[in-house]
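Undergrad: Quick one, structure for this:
(one chain, ligands or ions: 2)
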Amino acid sequence: MAAGAPSGDLFASLDDDGGRIDVLAEGAVLFRGLAAGSAPQLMAAIIEIAEAAPFRHMVTPGGHRMSVAMTNCGAAGWVADQRGYRYDARDPESGRPWPAIPEGFYDLAVAVARAAGFGGFTPNVCLINRYEPGARLSLHQDIDERDFAAPIVSVSLGLPATFLFGGLRRADRARRIGLFSGDVAVWGGPARRVFHGIAPLKAGDDPLTGPYRFNLTLRKAF
Ligand code: SIN
Ligand code: FE2
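TA: Numbering: from 1, shown residues only. Ligands and ions are numbered 1, 2, ... in the order given. Just a heads-up that it's a prediction; the model follows:
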C-alpha cells in the first residue's frame, strides 16, 4: 500500500463513526476526531505519567526557555539542554527511566499509522507536550530519530490549536490547519521531514483539559 493512501479494512473500521480524513500531503493524513472517544483515558494516563516525570520547560542549546512544557514516556525521552537535542533513556530531572508507554497510546498509534499506509509501526518513545495560552512551537523538523522510515503519529487533546504544516524546506509556505481534541495526524514517507509547528495557543476552557492543550507524538527513535 502506498504511504499516505489509506485503504483496506482498517480504514473502513476506523472511519465508520463518520470521522473525516484529510490528506495533507503525500504521506500525511489527518484523522478528525478519531481519538475523541478515548480522550478521557488518554488524559488520565498523561496525569499518571506526569506524577512520575513532571512537565518541565526545557531550555534550548541557544538558551531559550521553551513555552511548551514537556515530558516523555517510553524507552527514551526527547530532551533539550545546553548540549543539544537528543533522546535520553533517563529523565535528567530524576535520573530515572521514563515511565512506560501506556498500552492505549501504543495501540492507537499502531492502528492509525496502519490506516495511513504505514503498517508495522513499532513506536518506542512518546513526547508529551502541554501548551498553555500563548505557548507555541516554531517551525521545525522531527529529525532526532535514527530512522526516518517510521512515521510520526500525533494526537491532539483539549484546547484547539493551529497546526502549521509546511514543506520540506524551511522557507516553504506553511498551511494553517485547525487541530481539535481527538484529532490524530500521521506524517511519514515523503512527508516524514516536513517542517511543522503550532501557532500561539488561544486561551480557553476545555471540559477535559481546562486551560491547556496536550499533544502526544509517538515515534520510533531507534
Ligand atoms: C510536535 O511537533 O512535536 C508537536 C505538534 C503538536 O503539538 O501538535
Ligand atoms: Fe514536531
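
Undergrad: Just to be sure, Glu51 is in a helix?
TA: Yes. Remark: Glu51 belongs to a helix, assigned using DSSP: H, G, I helix; E, B strand; the rest coil.

Undergrad: Please shift the residue numbers so they start at 20 in all later answers.
TA: Taking 20 as the first residue, the last one we looked at is Glu70.

Undergrad: And for it, the neighbour number?
TA: Neighbourhood size, Glu70 [other CB atoms under 10 Å]: 9. (C-beta placed from N, C-alpha, C; glycine too.)

Undergrad: Can you tell me how far it is from Leu176?
TA: 17 Å (CB to CB, to the nearest Å).

Undergrad: now do Gly208
TA: Here the criterion is CB to CB. By it, Gly208 lies 26 Å from Leu176.

Undergrad: now do Asn143
TA: 21 Å.

Undergrad: Could you tell me which residues within stretch 150-160 count as buried?
TA: In terms of neighbour count (16 or more other CB atoms under 10 Å), stretch 150-160 has its buried residues at 150, 154-156, 158.

Undergrad: What is the end-to-end distance of it?
TA: Terminal residues of stretch 150-160 lie 19 Å apart, using CA to CA, to the nearest Å.

Undergrad: and what of stretch 167-178?
TA: 30 Å.

Undergrad: which of the residues in it are buried?
TA: Quick answer for stretch 167-178 (16+ other CB under 10 Å): 169-178.

Undergrad: wait, does it contact ligand 1?
TA: Yes. Judged by CB under 6 Å from any ligand atom, stretch 167-178 and ligand 1 are in contact via 173, 175.

Undergrad: And that stretch, how far out from the chain middle?
TA: On the basis of CA atoms, centre = their mean, to the nearest Å, stretch 167-178 sits 3 Å off its chain's mean C-alpha point.

Undergrad: still on that earlier bit, narrow the buried residues of stretch 150-160 to those in strands?
TA: 150, 156, 158 (DSSP state E).

Undergrad: now those in JSON lines, with distance to Phe137 and pLDDT?
TA: Listed next are these as JSON lines, based on distance: CB to CB, whole Å; pLDDT from 0 to 100:
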{"residue": "Tyr150", "distance to Phe137": "26", "pLDDT": "99"}
{"residue": "Leu156", "distance to Phe137": "23", "pLDDT": "98"}
{"residue": "Leu158", "distance to Phe137": "23", "pLDDT": "97"}
